[in-house]
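Enquirer: Quick one, fold the following:
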Amino acid sequence: MSIHDIMEWFQSSCMILSLVFSLPLINNKKVIKYMQHFYWYSVVACLFVLLKLTSRWFTFPSREVITIIGNYSILFHFIFLSLFILFKVPRQKSTKSLFALFFLVILGTLYCLLTSVDSKQNSLCFAIVNLGLVFFCLVYYSNFFEELPRPKLLQEPSFWVITGIFFCMSTCIPINALHDYLRTDTTLKLEHKKDLFSIAYLSYGSLHLFIIKAYLCSKSPKTT
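Expert: The predicted structure is shown next:
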């Protein structure tokens, strides 16, 4: 089994585990309020994993269809995670400029998707979304560390979710930037290209491990 295959299975396993750990949060009034509906992110991630496995085992849907679904799912990914971050930023500091940037990223992503001429992964869309999420994470951190006492830091679910987002998106940005170049470069072997692209699988898998930690903190009595 190649490094690429191992990392892909790692990502899929983490997504499935994330869904499993999210189940006790569903309709649970004891869970901290802003985490009560976060399980939808894990549900959508697992649905995408299921589609990929179905495509691999039964050749339906086709790889091209899976790629197109993956390209457009980036909108859900950005909207869901961005709103989670922005609503954790104090309202008096969550200015109109942040929401203006939020809509600009959506419009830019839609434009890239609608003007794409092939069914390959749209690396520009992923780069735009990842940069937007990294920026929102930095805004969150600038406020978070000022307001929350340090002893409560590791008990805060939002800290784990957003740290996972920041780590994942920061790691993926260089891969997005090089994606089209590596795809057309003839000096690298295909297996080496796959190994480089597998960094993204590691990053997204790690994001779901951070989310699992957030779920565990959400059920803790200390996070009331």
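Enquirer: hey, C-alpha coordinates of stretch 80-96 in CSV?
Expert: In CSV, the C-alpha atoms belonging to stretch 80-96 read as follows (Å, rounded to 0.1, in the frame of the first residue of the first chain):
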residue,chain,number,x,y,z
PHE,A,80,-20.2,26.3,7.4
LEU,A,81,-16.7,26.8,9.0
SER,A,82,-16.5,30.5,8.3
LEU,A,83,-19.9,31.2,10.0
PHE,A,84,-18.8,29.0,12.9
ILE,A,85,-15.7,31.2,13.3
LEU,A,86,-17.3,34.6,12.7
PHE,A,87,-20.1,33.9,15.2
LYS,A,88,-17.4,33.1,17.8
VAL,A,89,-15.8,36.6,17.3
PRO,A,90,-17.4,39.2,19.6
ARG,A,91,-20.2,41.0,17.8
GLN,A,92,-18.7,44.4,18.5
LYS,A,93,-15.5,43.3,16.7
SER,A,94,-17.2,41.3,14.0
THR,A,95,-17.4,44.2,11.6
LYS,A,96,-19.1,44.5,8.3
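Enquirer: how far out from the middle of the chain is that stretch?
Expert: 17 Å (CA atoms, centre = their mean, to the nearest Å).
Enquirer: what does that stretch rub up against?
Expert: Outside stretch 80-96, the residues within contact range by CB atoms under 8 Å, 6 or more residues apart in numbering are 34, 38, 40-41, 44, 98-99, 102, 105, 132-133, 136-137, 139-140, 143-144, 147, 158, 161-162, 165. From N, CA and C alone the C-beta is placed, and that goes for glycine too.
Enquirer: show me where pLDDT drops low in the chain?
Expert: Where the chain drops to pLDDT under 70, the residues are 92-94, 117-119, 147-151, 220-224.
Enquirer: Tell me where it has helices.
Expert: Listed in chain order, the helices of the chain (DSSP state H) span 3-22, 39-58, 63-86, 96-114, 123-147, 157-184, 190-218.
Enquirer: can you state the direction angle for the second one and helix 63-86?
Expert: Between the direction of helix 39-58 and that of helix 63-86, the angle (axes from the mean of the first three to the mean of the last three CA atoms, to 10 degrees) works out to 170 degrees.
Enquirer: ok, now how distant is the residue lying farthest from the centre of the chain from residue 178?
Expert: Distance to the chain centre peaks in the chain at residue 187, reaching 31.0 Å (criterion: CA atoms, centre = their mean). For residue 187, the distance to residue 178 equals 13 Å [CB to CB, to the nearest Å].
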